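[1] kindly generate the corresponding structure for this input.
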Amino acid sequence: MKLIFTLLAASLIANSPLAAADGPVEVDRIVAVVNSEVITRSDLRQRVEQVTRQLSRQGTPLPPADVLERQVLERQIMERLQIQLANETSLRVDDVTLDRALGRIADSNKLSMTDFRKALERDGIAWEHFRDEVRNEILLARVREREVDGRIVISDAEVSNFLAHPDNAVGQEEYNLAHILFRAPEGASPEQLARLRAKAEDVAARAARGEPFDKLAASYSDAPDALSGGNLGWRSADRLPGVFADAVANLKPGQETPILRSAAGFHIVKVLDRRGGGQAAAATQVRQTHARHILIKTSEVVTDADARRRLSELRERIVQGGASFAELAKQYSADISAAKGGDLGWVYPADTVPEFEQAMDALKPGEISQPVQSPFGWHLILVEDRRVQDVSDDRKRAAARNALRERKSDEAFQDWLRQLRDRAYVEYRLEDR
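    Model prediction:
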């Protein structure tokens, strides 16, 4: 539809007397087809300008214009594929959630919403365009949480094995890393892998000769963080993919790993800095919340409005009619906790997604929330009780479980992106004239 309006507008202008007087008008052309949608030259140009400003602010050396253009186009293709999946499965970001996110961004810049909007417009960024960008960022995060993070399972045996390993002690050293990923297609042939490794070796040699690593990442990495110089930020070794943790253990700041092989493809990792290594205190006082919930998932036939209305009706039955929360959870909840009346047990901080935890923390014992949206759908939350106690051993297991989840998450996300890309129809027309 966007393309139709673009071409229609161009056609009307081209046939007007003014256009005839001033000469031909260039029609916005297609640079890529992504399944049933298109990316136009103006879409790409606008994003390249945005990325150029971002890299300049970060002090990242800019790749050659044609290389940057191709990298940006590939990012747009991957984003479009994820947004298409979100739309196909009725995943949405409502205006309330969007406005809260915009408010947090404005607060982080110490600006009122009005001043923040004016600052964007002074930089040539249209407010509605910025809103759409933020909405898409939230949507991409929710797609990842639902399709990847929400499906990672950590067994008790894995937690026990993790804690038994001496390298996974609490308070271990942290690394600030950057990386370059050369993604291998699913079922890649030996010839394809050989070409990809040769490309990785060439980039590794250039990094060894002193070319800026962040510029090389922005030019060649297939990871989502490529245009931020491949920076992974600070992470302890237990939160790194195993292949990374082993490779950086003996490296000094400024050094790079040899080429690493994983299920996703080939990697080069650079240690930007390292810190820490002290032991944490043995005892920990933690506030826990005993909670129940009812989950209604959205789908092609259940919209956000439908889910919210159903939960509002259930809440009314509980609050006004005396219905049992547990019985309604057994009957209506789409979560595996339904069989237990929606009982989540004692929940630790950060055990749930931020939207759920924020709503849960705002409740007093005995209170029921209004419908709350998360990446998994819509929830009613009941807080049964709270307590604060020494949970050192339990906390260690919970921390280990979170570390294992984070370690698996990056690998699973890269694998999922590769599968998503391999299943899609993508046609490049960047060289068309």
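[2] just say helix, strand or coil for Pro185.
    Secondary structure, DSSP: H, G, I helix; E, B strand; the rest coil: Pro185 is coil.
[3] swap that for Phe266, sorry
    Secondary structure, three-state DSSP: Phe266 is strand.
[4] what is the neighbour count of it?
    22 (other Cβ atoms under 10 Å). Where C-beta positions appear, they are placed from N, C-alpha and C, glycine not excepted.
[5] what's the answer for the one 3 residues further on, then?
    Val269 has 26 neighbouring residues, counting by other Cβ under 10 Å.
[6] state the pLDDT value of it.
    Note for Val269: predicted pLDDT of 95.
[7] same thing with Ser337?
    90.
[8] that one and His293, how far apart?
    7 Å (Cβ to Cβ, to the nearest Å).
[9] residues shared between the contacts of those two?
    Ala329, Leu344 (Cβ atoms under 8 Å, 6 or more residues apart in numbering).
[10] of the two, who's got more company?
    Using other Cβ under 10 Å, the more surrounded residue of Ser337 and His293 is His293, with 25 against 19.
[11] wait, that one touches Ala326, no?
    No - if you go by Cβ atoms under 8 Å, His293 and Ala326 don't touch, sitting 11.0 Å apart.
[12] quick check: neighbours shared by the two?
    Overlap of the contact sets of His293 and Ala326 (by Cβ under 8 Å, 6+ apart) consists of Gly342.
[13] same for the strand or helix carrying Leu102, what does it pack against?
    Taking DSSP states H and E as the definition, one finds Leu102 inside helix 95-108. Applying 3 or more Cβ pairs under 8 Å, 6 or more residues apart in numbering; DSSP states H and E, one finds that helix 95-108 contacts helix 113-122, helix 127-147.
[14] mind doing that once more with 10 Å?
    Contacts defined by 3 or more Cβ pairs under 10 Å, 6 or more residues apart in numbering; DSSP states H and E place helix 95-108 against helix 113-122, helix 127-147, helix 354-361.
[15] for those, which one sits closest to Arg47?
    helix 127-147 (9.5 Å; Cβ to Cβ).
[16] could you point out which element follows that closest one?
    Sequence order places helix 156-164 as the next helix or strand after helix 127-147, per DSSP H and E.
[17] just the CA coordinates of that following helix, formatted as CSV?
    Taking Å, rounded to 0.1, in the frame of the first residue of the first chain, the C-alpha atoms of helix 156-164 are listed here in CSV:
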residue,chain,number,x,y,z
ASP,A,156,17.7,-28.7,37.2
ALA,A,157,20.5,-31.0,36.1
GLU,A,158,22.0,-28.2,34.0
VAL,A,159,21.8,-25.8,37.0
SER,A,160,23.5,-28.3,39.3
ASN,A,161,26.3,-29.0,36.7
PHE,A,162,26.8,-25.3,36.2
LEU,A,163,27.2,-24.6,40.0
ALA,A,164,29.6,-27.5,40.3
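[18] what comes up buried for that helix?
    For helix 156-164, a neighbour-count test (16 or more other Cβ atoms under 10 Å) marks Val159, Phe162 as buried.
[19] give me the contacts around that helix.
    Helix 156-164 has contacts (Cβ atoms under 10 Å, 6 or more residues apart in numbering) with 154-155, 168-170, 238, 393, 396-401, 403-404, 407-408.
[20] one more time with 6 Å
    When contacts are defined by Cβ atoms under 6 Å, 6 or more residues apart in numbering, helix 156-164 is touched by residues Asn168, Arg397, Ala400, Arg401, Leu404.
[21] chain neighbours aside, what residue packs nearest to Ala217?
    Taking Cβ to Cβ, 6 or more residues apart in numbering, and ignoring the residues beside it in sequence, Ala217 has Gly230 as its nearest neighbour in space, at 3.2 Å.
[22] for that neighbour, give me its contacts.
    By Cβ under 6 Å, 6+ apart, the residues touching Gly230 are Ala178, His179, Ile180, Ala217, Ser221.
[23] tell me the pLDDT at the last one?
    So the one you mean is Ser221. Listed pLDDT for Ser221 reads 93.
[24] tell me how many other residues surround it.
    Neighbour tally, Ser221, other Cβ under 10 Å: 26.
[25] now do the third one
    Here the number of neighbours of Ile180 (other Cβ under 10 Å) works out to 28.
[26] isn't there a helix covering it?
    No - read with three-state DSSP, Ile180 is strand and lies in no helix.
[27] for Glu431, see how far away it is.
    From Ile180 to Glu431 the distance is 25 Å (Cβ to Cβ).
[28] cool, the first one as well?
    According to Cβ to Cβ, Ala178 stands 31 Å off from Glu431.
[29] okay, now the unreliable bits of the protein?
    1-27, 166-172, 277-284, 300, 390-392, 395, 432-433 (pLDDT under 70).
[30] closest to the centroid, which residue in it?
    The centroid of the chain falls nearest to Ala141 when counting by Cα atoms, centre = their mean (3.6 Å).
[31] what's the residue nearest to that one when sequence neighbours are not counted sitting at in phi/psi?
    Computed as Cβ to Cβ, 6+ apart, the closest residue to Ala141 that is not its neighbour in sequence is Pro375, at 7.6 Å. When read as degrees, to the nearest 10, the backbone of Pro375 gives phi -60, psi -20.
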